[in-house]
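K.L.:
only geometry, no sequence info:
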């Protein structure tokens with residue numbers, strides 16, 4: 001059977017939508033193919049049937065308290081209790097309550113036999129690798145060149161070209177050297193201590209720990225000897241080198257080796273490579289943006305964004321459609337309370353902070369909460385029933401350590417209760433639907449891609465690439481229109497049809513974690529690992545334009561200039 005057909009059958013099986021003919025087809029494939037059985041077992045371990053089935057409400061339904069001593073290995077987290085044996089007991093218990101699963105019992109035996117008898121010899125330890133040489137520290141009003149993919153602050157930079165049409169960016173090299181680059185510019189990173197400047201204006205600070213730093217142009221080879229200097233290279237003007245501190249050595253390129261001599265410039269000196277030959281002059285430090293000047297510009301920009309957000313946040317709190325609005329502004333009188341700023345509901349919907357510590361938010365001076373440990377959470381109760389809901393959150397994911405990671409989940413999973421979380425690099429909304437004995441599940445495309453193609457179908461979930469930046473997430477649940485939509489940074493990334501026979505409800509819920517333990521049994525760990533500094537619930541379905549406007553008003557950085565177009 002082709003992998004695409006097997007995936008299709010497994011998807012329909014998980015959603016309990018298999019026809020009798022498809023059930024027979026899947027049974028035959030599982031009995032005949034070890035590879036199909038391995039795929040099936042992996043999906044059952046990680047997909048919603050097993051993971052969602054372990055919530056305390058379902059466990060209470062399947063097994064009476066008096067039965068628990070007879071089944072000590074059946075726990076909400078079988079991966080921690082009993083290994084494959086615990087997982088097998090969970091599977092057989094599930095089969096007894098699900099006719100579809102019972103019909104596949106013979107295939108399940110084959111699956112378990114395959115895994116129980118397979119050798120588990122430890123393989124060689126393979127470390128991830130990186131060819132990065134620098135980090136993009138910050139950007140200010142950068143307009144990227146047409147041939148350049150936009151880069152975000154904090155991105156690891158590998159050897160290669162960087163082209164900007166306008167603005168200023170700051171690069172920190174692994175050896176400790178720091179560079180500010182003004183557009184238009186075209187540079188090429190070679191090593192941790194070497195750059196080719198095809199065009200542009202740059203300023204380089206080389207502390208003693210960096211020892212040396214080399215910049216190559218079509219006219220000059222400049223070797224910094226522990227100093228600060230500026231370089232301006234243009235195809236339409238002579239190349240210039242200005243020394244602001246310390247000393248540099250330079251060699252004119254293109255001359256025969258016998259006549260090419262190394263010369264030096266010290267602080268206060270500069271050189272211009274005229275067609276007739278080099279001309280010395282006084283250095284002009286004000287003509288190059290320093291790291292300090294760039295930081296002041298960025299600070300002013302951040303403060304302006306913070307003022308704009310404060311005004312926008314006040315309007316959100318006054319909106320009659322808002323059920324709950326956590327702006328994450330700390331109340332010194334109630335440091336363990338997350339204040340609800342929605343005027344309509346007020347302190348009755350204040351959150352209680354458990355474990356989490358206060359941290360810095362999207363801007364200096366903006367508060368946030370850090371979620372790190374399995375116990376970190378914010379408890380809240382949201383009463384009422386709703387025809388539609390919109391969740392909007394600003395968060396910064398610092399690590400993904402497991403397949404499921406909570407954003408905002410109800411304690412239980414009763415009909416109409418939403419679970420909003422990360423799942424294998426995607427955003428997942430699940431809504432309880434007891435009447436149909438299945439769950440509405442809605443997935444976004446992958447929000448993050450792990451380094452070197454991390455495979456999310458394995459247990460290697462932890463990754464750091466493309467994380468650790470502020471993002472806005474939103475999900476819209478509209479029962480009258482039977483519509484669910486996921487948004488990332490103001491842009492809709494997924495839309496699906498919802499089939500729900502009852503209104504939406506929240507009740508007891510948690511931000512950044514999942515539920516109170518109903519028994520002494522182990523509980524699944526799904527805590528969020530990162531920081532969050534805004535969360536809002538609307539009682540209506542916001543439109544795509546409204547969510548885009550919220551993103552523009554709340555983003556920690558100004559709207560990016562458009563990418564330059566090729567002439």
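P.N.:
Thanks, I have the structure now. It should be emphasised that the depicted structure is a prediction, and the values quoted were computed from it without experimental measurement. Numbering: from 1, shown residues only.
K.L.:
Could you double-check that residue 510 lies in contact with residue 376?
P.N.:
No. Residue 510 sits out of contact with residue 376 when judged by C-beta atoms under 8 Å, with a separation of 9.9 Å. Where you see a C-beta, it was placed from the backbone N, CA and C, and this is true even at glycine.
K.L.:
who's more crowded, the two?
P.N.:
It is residue 510, of residue 510 and residue 376, that has more neighbours when counted by other C-beta atoms under 10 Å, with 24 against 21.
K.L.:
who touches that one in this structure?
P.N.:
By C-beta atoms under 8 Å, 6 or more residues apart in numbering, the contact list for residue 510 reads 377-380, 406, 408-409, 411.
K.L.:
who does the helix or strand hosting residue 510 pair up with?
P.N.:
Using DSSP states H and E, residue 510 sits in strand 504-511. Within its sheet, strand 504-511 is paired with strand 377-386 (antiparallel), strand 404-410 (antiparallel), according to DSSP bridges.
K.L.:
Going by neighbour count, list what's buried in the longest one.
P.N.:
Just to be clear, that refers to strand 377-386. Within strand 377-386, the residues scored as buried using 16 or more other C-beta atoms under 10 Å are 377-380, 382, 386.
K.L.:
Now do that strand: distance to the chain's middle.
P.N.:
25 Å (C-alpha atoms, centre = their mean, to the nearest Å).
K.L.:
on that earlier part again, format the strands paired with strand 504-511 as a markdown table; extra columns: mean pLDDT and distance to residue 525.
P.N.:
Below are these laid out as a markdown table (pLDDT from 0 to 100; distance: least, C-beta to C-beta, whole Å):
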| stretch | mean pLDDT | distance to residue 525 |
| --- | --- | --- |
| strand 377-386 | 97 | 12 |
| strand 404-410 | 93 | 9 |
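K.L.:
out of these, nearest to residue 18?
P.N.:
Within those, the stretch nearest residue 18 is strand 404-410; the backing value is 24.4 Å (C-beta to C-beta).
K.L.:
any low-confidence regions in this structure?
P.N.:
For the chain, the stretches flagged by pLDDT under 70 are 1-4, 15-16, 42-128, 254-260, 434-439, 448-468, 518-521, 559-567.
K.L.:
In it, what residue spans correspond to helices?
P.N.:
Taking DSSP state H as the test, the helices found in the chain are 3-14, 20-32, 34-46, 48-53, 56-62, 83-97, 99-103, 105-117, 291-318, 544-554.
K.L.:
To residue 33, which of the strands paired with strand 504-511 lies closest?
P.N.:
Residue 33 sits nearest to strand 404-410 of all the strands paired with strand 504-511, at 28.3 Å, using C-beta to C-beta.
K.L.:
What separation is there between the closest residue to residue 168 other than its chain neighbours and residue 27?
P.N.:
Leaving out its chain neighbours, the residue that sits closest to residue 168 by C-beta to C-beta, 6 or more residues apart in numbering is residue 140, at 4.6 Å. Counting by C-beta to C-beta, to the nearest Å, the separation of residue 140 from residue 27 is 61 Å.
K.L.:
Closest to residue 320 out of the contacts of residue 510?
P.N.:
residue 380 (19.9 Å).
K.L.:
which one is that closest one nearest to, not counting chain neighbours?
P.N.:
In space, residue 380 is closest to residue 351, 4.4 Å off (C-beta to C-beta, 6+ apart).
K.L.:
Provide a list of residues in contact with that neighbour.
P.N.:
By C-beta under 8 Å, 6+ apart, the residues touching residue 351 are 326, 337-338, 340, 378-380, 511.
K.L.:
Might you report the residue contacts of the closest residue to residue 316 other than its chain neighbours?
P.N.:
Using C-beta to C-beta, 6+ apart and skipping residues adjacent in sequence, the residue nearest residue 316 is residue 325, 5.5 Å away. Contacts for residue 325 were tallied using C-beta under 8 Å, 6+ apart; they are 313, 316-317, 340-342, 535-537.
K.L.:
out of those, which are buried?
P.N.:
Neighbour counting by 16+ other C-beta under 10 Å classes 313, 316-317, 340-342, 535-537 among the contacts of residue 325 as buried.
K.L.:
gap between the residue nearest to residue 548 when sequence neighbours are not counted and residue 176?
P.N.:
The shortest distance from residue 548 to any non-neighbouring residue, by C-beta to C-beta, 6+ apart, is to residue 490 (4.3 Å). Distance, residue 490 to residue 176, using C-beta to C-beta: 37 Å.
K.L.:
These two: which is more packed in?
P.N.:
Using other C-beta under 10 Å, the more surrounded residue of residue 490 and residue 176 is residue 490, with 19 against 16.
K.L.:
Pretty sure that one sits against residue 554.
P.N.:
No. Counting by C-beta under 8 Å, residue 490 stays clear of residue 554, with 9.2 Å between them.
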